[in-house]
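Participant: Predicted model and sequence follow; I will ask about them next.
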Amino acid sequence: MLISDLPLLVGAVFALSLQVPGDESGRRTLDVSARCLWSHEDETPGHFDSGFSLEIAPTEYFELIEALKYYFSFYAVEASA
């Protein structure tokens, strides 16, 4: 979801740049292509929420998704005696 000052055209494909944490260098940018699926006014006046579906994304994007899934998951651990 993207929050913006203007409504976005539903069905249009947008080139988006995502700022994500990097290694030692601080931030890195991932460029993706995404189609707007919906756009409506937010509860905050003058703001709009829009939802997207990825069309094209770099390998690093999918690596980030896997890292987030691992970080926010629970795994069974064997108890030691």
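Facilitator: Cool, the structure landed. Residues are numbered from 1 along each chain as shown.

Participant: Which residues are in contact with the spatially closest residue to residue 64 that is not a sequence neighbour?
Facilitator: Distances taken as C-beta to C-beta, 6 or more residues apart in numbering put residue 20 closest to residue 64, at 6.1 Å, once the chain neighbours are dropped. C-beta: built from backbone N, CA, C; applies to glycine. Residues in contact with residue 20 (C-beta atoms under 8 Å, 6 or more residues apart in numbering) are 27, 28, 29, 30, 64.

Participant: Out of the residues you listed, flag the one nearest to residue 57.
Facilitator: Residue 57 has its nearest neighbour among the contacts of residue 20 in residue 30, at 7.3 Å by C-beta to C-beta.

Participant: Pretty sure the closest one sits in a strand.
Facilitator: Yes. According to DSSP: H, G, I helix; E, B strand; the rest coil, residue 30 belongs to a strand.

Participant: Find the nearest non-adjacent residue to it, please.
Facilitator: In space, residue 30 is closest to residue 18, 4.6 Å off (C-beta to C-beta, 6+ apart).

Participant: can you pull the contacts of the residue lying closest to residue 32 once chain neighbours are set aside?
Facilitator: Of all residues not flanking residue 32 in the chain, residue 57 sits nearest, at 4.4 Å (C-beta to C-beta, 6+ apart). By C-beta under 8 Å, 6+ apart, residue 57 lies in contact with 30, 32, 33.

Participant: Kindly provide the distance from residue 57 to residue 40.
Facilitator: 24 Å (C-beta to C-beta, to the nearest Å).

Participant: where in this protein is pLDDT low?
Facilitator: 81 (pLDDT under 70).
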